[in-house]
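Asks: generate coordinates for the sequence data below:
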Amino acid sequence: ELTESQVLTSFSLLGDEFISSSVDAKPNRNSNAALHTVVYYLTNFTGNIKIYGTLSDGASYSTDSQQSEFYLIDTQTYTDESNPQYVNFTGIHKRIAIVAQSLDSSTVLQGLDKVLYRS
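Replies: Have a look, this model is predicted:
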């Protein structure tokens, strides 16, 4: 069954990290071997992009008090990257969040145009 990807284009700045809204990973449709795919659309991006997951319903990584409910799924480091980058991972997750950290210490996220997520 084909399912539409969720598009993430809005990120909040918290400290030195740009954090997406938390996205429903739809664990009730998947099993332990569930494949998740994230695609980063980058334009001259230099920095780190992390994927965090949680089993807590309604949790938001962009809230300081709820970050402890999330665990790290993946970390990628890019240097002046301008191509779509794919990351696949498996497992049961209730929600995921994308966290970008630009290495230029800017308060504006540059180079990460959008993120597509599909579970």
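
Asks: residue contacts, the closest residue to K94 other than its chain neighbours?
Replies: Distances taken as C-beta to C-beta, 6 or more residues apart in numbering place L55 nearest to K94, at 5.0 Å, with adjacent residues excluded. All C-beta spots, glycine's among them, are computed from the backbone N, C-alpha and C. Listed by C-beta atoms under 8 Å, 6 or more residues apart in numbering, the contact partners of L55 are P27, I92, H93, K94.

Asks: for the closest residue to the first one other than its chain neighbours, what are phi and psi?
Replies: Computed as C-beta to C-beta, 6+ apart, the closest residue to P27 that is not its neighbour in sequence is I92, at 4.7 Å. Phi and psi for I92, reported as degrees, to the nearest 10, are phi -100, psi 120.

Asks: would you agree I92 is in contact with L35?
Replies: No - checked against C-beta atoms under 8 Å, the pair I92 and L35 is beyond contact range at 11.8 Å.

Asks: out of those two, which sits in the more crowded spot?
Replies: I92 (17 against 11; other C-beta atoms under 10 Å).

Asks: now do that one against Q66, distance only.
Replies: I92 sits at a distance of 19 Å from Q66 (criterion: C-beta to C-beta, to the nearest Å).

Asks: hmm, back to that, go through the contacts of L55 and flag which are in strands.
Replies: Residues of the contacts of L55 located in strands (DSSP state E): none.

Asks: so which of those residues comes closest to L112?
Replies: Comparing the contacts of L55 against L112 with C-beta to C-beta places H93 closest, at 21.1 Å.
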